[in-house]
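**Q** test case, fold it:
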Amino acid sequence: MHENLTVVDHPLVLHKLTLMRDKHTPSAVFRQLLREISLLLGYEVLRDLPVTTQVIETPLAEMEAPILKGKKLVLASILRAGNGLLDGMLDLVPSARVGHIGLYRDPETLAAVEYYLKLPDDIAERRVVAVDPMLATGNSVSAAIDRLKQNGANDIRFMCLLAAPEGIEALTAAHPDVRIFTAAIDSHLNDHGYIVPGLGDAGDRMYGTK
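**A** Now for the predicted structure:
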């Protein structure tokens, strides 16, 4: 396993992921599970956030208490399926700033094609967590991180629900400085670039499209 790869195999994560894999799970339930699982993944992704202290008064006494240090996070959603993880992360860190990177995968070449980009201006001064449920070929995620770096980001994490070995290899080769957090590593990619056994197309499962 790569040193910059973390698999979050908490029992609650595994349970919710199994429900999401089931093809009979309806879109509304799928979206809710994705939101819940992103909270659990988020705890691990943000485990080493820097903290400082400040003096506060509890109802009983004055104390020096820990509080987050530095500028707020940036959550970068890789559209469209990334928004499912984004919602849960915003529940966890509601003060985070949000960026969006619109990419689609060319069905013939599997290359990433960008169609939208909107990021906070001072992204270079903030930790960035890029989110996309699936790390399949790695092409879209690598392209998204390219754009984040071109706009100044230098402290980037990537959070996903499922990863394929091919995608892990591609992303770590392209961006060895980016830590990857996932709930599971699946077997392989099929001829269409889908993760097997996977859970299908995350965006289609979220929104009931085909």
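
**Q** burial of the residue lying closest to Gly200 once chain neighbours are set aside, as a residue count?
**A** What sits nearest to Gly200 in space, not counting adjacent residues and going by Cβ to Cβ, 6 or more residues apart in numbering, is Lys23, at 6.9 Å. All C-beta atoms are positioned from the backbone trio N, CA, C, and that covers glycine. When neighbours are defined as other Cβ atoms under 10 Å, Lys23 has 7 of them.

**Q** Lys23 in helix, strand or coil?
**A** Judged by DSSP: H, G, I helix; E, B strand; the rest coil, the three-state class of Lys23 is coil.

**Q** so what secondary structure elements neighbour the longest helix anywhere in the chain?
**A** Looking across the chain with DSSP state H, the single longest helix is helix 27-45. Under the contact criterion of 3 or more Cβ pairs under 8 Å, 6 or more residues apart in numbering; DSSP states H and E, helix 27-45 touches helix 11-21, helix 82-92, strand 128-131, strand 156-159, strand 179-182, helix 202-207.

**Q** how big is the angle separating that helix from helix 82-92?
**A** Angle of helix 27-45 versus helix 82-92, following axes from the mean of the first three to the mean of the last three Cα atoms, to 10 degrees, is 60 degrees.

**Q** would you mark the buried spots in helix 27-45?
**A** Buried residues in helix 27-45, counted by 16 or more other Cβ atoms under 10 Å: 30-42, 44-45.
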